[in-house]
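In: need the 3D shape of this:
(3 chains)
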Amino acid sequence: MSGTLPVLECSGLAQRYRTRGRDQVVFEDLDLTITGHQFISVVGASGCGKSTLLRLVLGSERPWKGTLRSHGRPITHPDRTRGIVFQKYSLFPHRTVLDNVMFGLELAHTHLLQKWLTWPWYRTRHHRRFRNEAMHHLEQVKLHDHADKYPHQLSGGMQQRVAIAQALIMRPSILLMDEPFGALDPDTRESLQRTIVRAFHDQNTTILLVTHNLEEALYVGTRLLVLARDAREPAAGSRIAIDLPITQSAPIDSPGTQELLAHVRHQGFTC
Amino acid sequence: MTICNPRHRLLASALVAVGAVSASCSGKQPDREAPAGGSAVAAKPAEAPPRAPGREYQIAWSVWTGWMPFKLMEVKGFLARRAAERGIQVKLVEFPVYMDAVTAFAAGKLDGCALTAMEALQPAAAGIDTVAIVVNDTSSGGDGVLVRGIADLRGLKGKEILLSELSVSHYLLVRGLDSVGMKESDVKIKNTDGDEAGKAFVADSRVEAVTTWNPHLFQATEGGKGKVIFSSKEIPGEIIDVLVVNNTALKQAPVLGTVLAEAWYDAMRAIEDPATREDSIAVMAAGAHASVDEFKKMMGGTDLMTDRARATAFLEADTTRATMERIKKFSIDHGLVKDTHFAIGYGAKATEKLRFDASYAAAK
Amino acid sequence: MTEEPRFRSIIGSPLAPATRLLLGTIGVAVCLAAYEFYVFQHQRDGGNPRFSPGLGQLWTAFGELTLVDARTQTVPFWTDTRASLWILAEGLGLGIAISALLGVAMGVLSTVHAMLTPVVSAIAKIPPTAMIALFMVVFGVTGDAFKVALIAFGISPTLTLGISLVAREVPKNTIVKAYSLGATTPSVVVKAILPQIIPQVIQMIRLAVGPAWIYLIAAEYINASQGIGHGIVLSQRMVRIDHILVYVIWLAILGTAIDFGFHWLSRLVAPWAAARKDD
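Out: Okay, the predicted model is just below:
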């Protein structure tokens, strides 16, 4: 392991937002390192900055202070190495399910102009290959029967499954998920949690999942991160209150888990 | 109030555009021959409703060299005096847009109108009973085909020429093309207001050919910008301006014709008389919004029929009849007159919808 | 098998397509009947029939207009229609091209947006009819250039602002998603932003056709050798109100056909948008 750079390295990360002339501190001086095959669940109540953290890692937001690096390279904007599944509006409405999943492949392998200028060649050589690969990923999320449907014809849970396939097909070094199952009903949520865990084991990818649901966090993750504000110093922003590994198969009412939960609350951290 | 939804914004701007277009169309634009939207008028009965004697008779005219004597009639009181003598009231109405006057007269809203012989067919074709009582003038160089970079009429072949379609300018061009054996389809006619065509020729060197009238003709030639390859000088006596009166009004008040004729020739005398000539010209020039010098030049291209005897004879002369036949053929060919059997009458006894009657103009 | 819910509310209750068609036809028929009644009344009160042509007269007038002109061996009505449609297409094409270029640039790049929005908004307030004289001077009165320019000028500002607006309203998540799948900025614009705004842009173009006709007819009124506006001017010169009304009705028909064409185009190019609206 020595010599390989961490998938993610944040140090001294700080973010604040300016609202009505006053700076609102989200967090100050956050440090986080992710190496290797980890599934990090980030929890915290609303307003703790977990989505902010995710956006900073993604690169769609710039931090107030601090550095973010992925494989030693600074993170400046979203790119192929960091996949994302949003809670809403994740898919391209103008493309079918299959086309959505193929989107990244097309971008990676052909330049726009090249594709247009050499359409017959492109079709025979690349397109079929992309199609097959996309269908394979759709089978993994059990949506291959809906390949030619448009996103609006699918339910919320099905759309999220497509989004997962769309992101994973690119084999990102880290997959970011921003409360991906928050808008879904409990049954669908459970099904998708199982899907993502399976995908995590099948592909050697790192996953960072943000959720406000502690049970979910414990079920899917291998490492738990809790962001919380100190009740005694509300203006100081959030901190990583807890950063512990999770034994994968620990159910919610096991003594270990309950102990963990009590520990969080006992520390007096609130959000 | 800002409209955020792009669809609503577009709709609102479309509505504003409609409002602007209809507002600009219905306003009277000075010196433009393009008929304004206001000329599609609600119809009036073809017969003027019976009115009490002593109603005011309205005679329309518009600014043109040959019609400036109307201004003289008004300013010097010739019309008022003659009307008072005969016990009727006559009012002159100046129309900024010539075609509006024609349309109003053709709709039966006016008792008389100063028209070119071509437009004189229109009210009759629309069913109004009309009589041409006085010939005002004929164009003798005042209308012409103005070109740059073209040697003669034959050089017009395939070129675009701006003129007021279906007007005397159009007729002039066709006469010119006929004279060299060309057809109308040999040139590309583009409809535009005659004054605008003249101004465009002077201002824009991309314009190759126009048919227009003075002052644009001499402004262009004097400025070295173009030359006139065909004008009304070549067809003297064919572009005629006449005063036409609604026959219904004449029946109600037969003296109307006499009053108008007498007042007109009062004005003619004032112009001819060396003592009053300069003053008369000054009045007319002022009414035409032109300088005295410019107006004198314009008069040079117009044969103002000041000689009463000559004018009276001209009204029913054979040459005039032949010209009217030519004008009638042009109008029928171009759809201005639908009825191929449209006839023009001459003399006091004639009964056609348009007749030339010299009895009013004849000196009594 | 699910049944359509049976609405008891008056507001917005759905109609069967057949009912819609029937009611629409009745609406048109009522208008025509009202017009005929006006004509009848007008002529009964002694009005000049030239100024109130009935439907029968209008049909005859249409017949006249579609006769072959002996002097040119063509039917002016169709050559005029073709000429006007051609200029309309050129003007629309130019206007759409300018608006698409500027609108997308403004929609995607904040600096361009900040710089151009005040200018474009101000120009949008200028009624194009006020610019007719200026355009005639700049583009010349020979040829049809000034008409095409007038149409393009008339529709561009509003269309530009509209395109930039919808481009900015594309869900940010889709843009970030595209980047995270490896897209370069040009790819994001072409593959993520543009396809999502196409249906709305087509709608806006559809709305721009109306004003485009207005500017075309206004321009043809003033300076043209052919075209529907030119035909109307000549008809006015001849005091043929029946001809004018035929042209007017023809314009309504043409406009409706073009509108329908765009509706069909939208469904063809972006079936996903139309379907989405239906549910």
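In: give me the nearest residue to C:Leu85, chain neighbours excluded.
Out: C:Leu254 (7.4 Å; C-beta to C-beta, 6 or more residues apart in numbering or on different chains). Just so you know, the C-beta spots here come from the backbone N, C-alpha and C atoms, and that holds for glycine as well.
In: the one you found reaches C:Phe77, doesn't it?
Out: No: using C-beta atoms under 8 Å, C:Leu254 is not in contact with C:Phe77; the gap is 11.9 Å.
In: could you look up the SS state of B:Thr138?
Out: strand (DSSP: H, G, I helix; E, B strand; the rest coil).
In: for it, give me the pLDDT.
Out: Per-residue confidence (pLDDT) for B:Thr138: 93.
In: count residues in the vicinity of it, would you?
Out: Using other C-beta atoms under 10 Å in any protein chain shown, B:Thr138 is surrounded by 26 other residues.
In: give me every residue that touches it.
Out: If you count contacts by C-beta atoms under 8 Å, 6 or more residues apart in numbering or on different chains, B:Thr138 has them with B:232, B:236-241, B:302-303, B:305.
In: end to end, how far does stretch B:237-249 reach?
Out: 29 Å (C-alpha to C-alpha, to the nearest Å).
In: give me every residue that touches the closest residue to C:Leu161 other than its chain neighbours.
Out: Once flanking residues are discounted, C:Leu161 sits nearest to C:Val120: 5.8 Å by C-beta to C-beta, 6+ apart. By C-beta under 8 Å, 6+ apart, C:Val120 lies in contact with C:102, C:106, C:157, C:160-161.
In: mind naming the longest helix for chain C?
Out: In terms of residue count, the longest helix belonging to chain C (DSSP state H) is helix C:76-108.
In: now whatever helix or strand comes next after that helix: average pLDDT?
Out: Once helix C:76-108 ends, the next helix or strand along the chain (criterion: DSSP states H and E) is helix C:110-125. For helix C:110-125, mean pLDDT is 96.
In: what's the next secondary structure element after helix C:110-125?
Out: Immediately after helix C:110-125, counting by DSSP H and E, sits helix C:132-139.
In: what pLDDT does the residue nearest to C:Leu85 get?
Out: Note on C:Leu254: pLDDT of 96.
In: buried set for whichever strand or helix holds it?
Out: Using DSSP H and E, C:Leu254 sits within helix C:241-269. For helix C:241-269, the neighbour count (16 or more other C-beta atoms under 10 Å in any protein chain shown) marks C:241-247, C:250-251, C:254, C:258, C:266 as buried.
In: same check on stretch A:209-221?
Out: A:209-212, A:214, A:216-221.
In: hang on, the earlier thing: most neighbours out of the contacts of C:Val120, which is it?
Out: Neighbour max across the contacts of C:Val120 (other C-beta under 10 Å) = C:Thr160, 27 neighbours.
In: in chain A, what spans have low per-residue confidence?
Out: For chain A, the stretches flagged by pLDDT under 70 are A:1-3, A:109-120, A:122-124, A:234, A:248-257, A:261, A:264-271.
In: mind listing the strands for it?
Out: Taking DSSP state E, the strands of chain A run over residues A:8-19, A:22-34, A:39-43, A:65-70, A:73-74, A:82-85, A:174-178, A:206-211, A:223-230, A:238-245, A:269-270.
In: which helices and strands does the fourth one pack with?
Out: If I follow you right, that is strand A:65-70. With contacts taken as 3 or more C-beta pairs under 8 Å, 6 or more residues apart in numbering or on different chains; DSSP states H and E, strand A:65-70 sits against strand A:8-19, strand A:22-34.
In: nearest to B:Asp195, out of those strands?
Out: Closest of the helices and strands packed on strand A:65-70 to B:Asp195 is strand A:8-19, at 63.6 Å (criterion: C-beta to C-beta).
In: helices of chain A, start to end?
Out: Using DSSP H, helices in chain A cover A:50-58, A:97-109, A:112-117, A:119-122, A:128-140, A:156-168, A:186-202, A:214-220, A:255-266.
In: where do the helices sit along the stretch 1-150 of chain B?
Out: Applying DSSP state H, counting those that start in this stretch to the stretch 1-150 of chain B gives helices spanning B:6-26, B:68-75, B:78-86, B:98-106, B:117-125.
In: lowest-confidence stretch among the ones you listed?
Out: helix B:6-26 (a mean of 47).
In: what about B:Thr87, how many neighbours?
Out: One thing to correct before we go on: residue B:87 is Gly, not Thr. 11.
In: dump the residue contacts of it.
Out: Per C-beta under 8 Å, 6+ apart, neighbours of B:Gly87: B:Val255.
In: just give the number of residues close to the residue in the stretch 251-364 of chain B that chain A sits nearest to.
Out: The stretch 251-364 of chain B approaches chain A most closely through B:Gly335 (53.2 Å), counting by C-beta to the nearest C-beta. If you count neighbours by other C-beta under 10 Å, B:Gly335 ends up with 18.
In: list the residues that contact it.
Out: Listed by C-beta under 8 Å, 6+ apart, the contact partners of B:Gly335 are C:234, C:238.
In: then it would be within a strand, right?
Out: No: applying three-state DSSP, one finds B:Gly335 to be coil, outside a strand.
In: tell me the pLDDT at it?
Out: For B:Gly335, the model assigns a pLDDT of 84.
In: ok, the one 3 residues further on next?
Out: We have a pLDDT of 82 for B:Lys338.
In: right, and it touches B:Gly127 too?
Out: No: between B:Lys338 and B:Gly127 there is no contact under C-beta under 8 Å: 11.5 Å.
In: what about the closest residue to B:Gly142 other than its chain neighbours, how many residues close to it?
Out: Spatial nearest neighbour of B:Gly142, excluding adjacent residues (C-beta to C-beta, 6+ apart): B:Gly301 at 3.2 Å. By the other C-beta under 10 Å criterion, the neighbourhood of B:Gly301 contains 22 residues.
In: surely B:Gly301 and B:Gly141 touch.
Out: Yes: with contact defined as C-beta under 8 Å, B:Gly301 counts as touching B:Gly141 (3.9 Å).
In: any residues in contact with both of these two?
Out: Taking C-beta under 8 Å, 6+ apart as the contact rule, B:Gly301 and B:Gly141 both touch B:217, B:231-232.
In: among those residues, which lie within strands?
Out: Short answer: those in strands (DSSP E) are B:Ser231.
In: ranking the shared contacts of B:Gly301 and B:Gly141 by neighbours, who comes first?
Out: Result: B:Leu217 is most packed of the shared contacts of B:Gly301 and B:Gly141 (other C-beta under 10 Å), 27 neighbours.
In: quick check: it vs B:Leu156, distance?
Out: Applying C-beta to C-beta, to the nearest Å, the value for B:Leu217 to B:Leu156 is 17 Å.
In: center of the chain - which residue?
Out: If you meant another chain, say so; for now it's chain A. Closest residue to the average C-alpha location of chain A: A:Leu176 at 1.7 Å, with C-alpha atoms, centre = their mean.
In: switch to chain C, please.
Out: Nearest to the geometric centre of chain C sits C:Val209, at 1.9 Å (C-alpha atoms, centre = their mean).
In: so what secondary structure elements neighbour the helix or strand harbouring it?
Out: In this assignment (DSSP H and E), C:Val209 forms part of helix C:194-222. When contacts are defined as 3+ C-beta pairs under 8 Å, 6+ apart, helix C:194-222 packs onto helix B:6-26, helix C:76-108, helix C:132-139, helix C:145-168, helix C:228-237, helix C:241-269, helix C:271-278.
In: worst average pLDDT in those?
Out: helix B:6-26 (a mean of 47).
In: what is the burial count for B:Asp195?
Out: Residues near B:Asp195, counting by other C-beta under 10 Å: 18.
In: now swap in C:Gly162 and tell me
Out: Residues within reach of C:Gly162, counting by other C-beta under 10 Å, total 26.
In: and A:Gly49, how far from A:Arg232?
Out: On the measure of C-beta to C-beta, A:Gly49 and A:Arg232 end up 18 Å apart.
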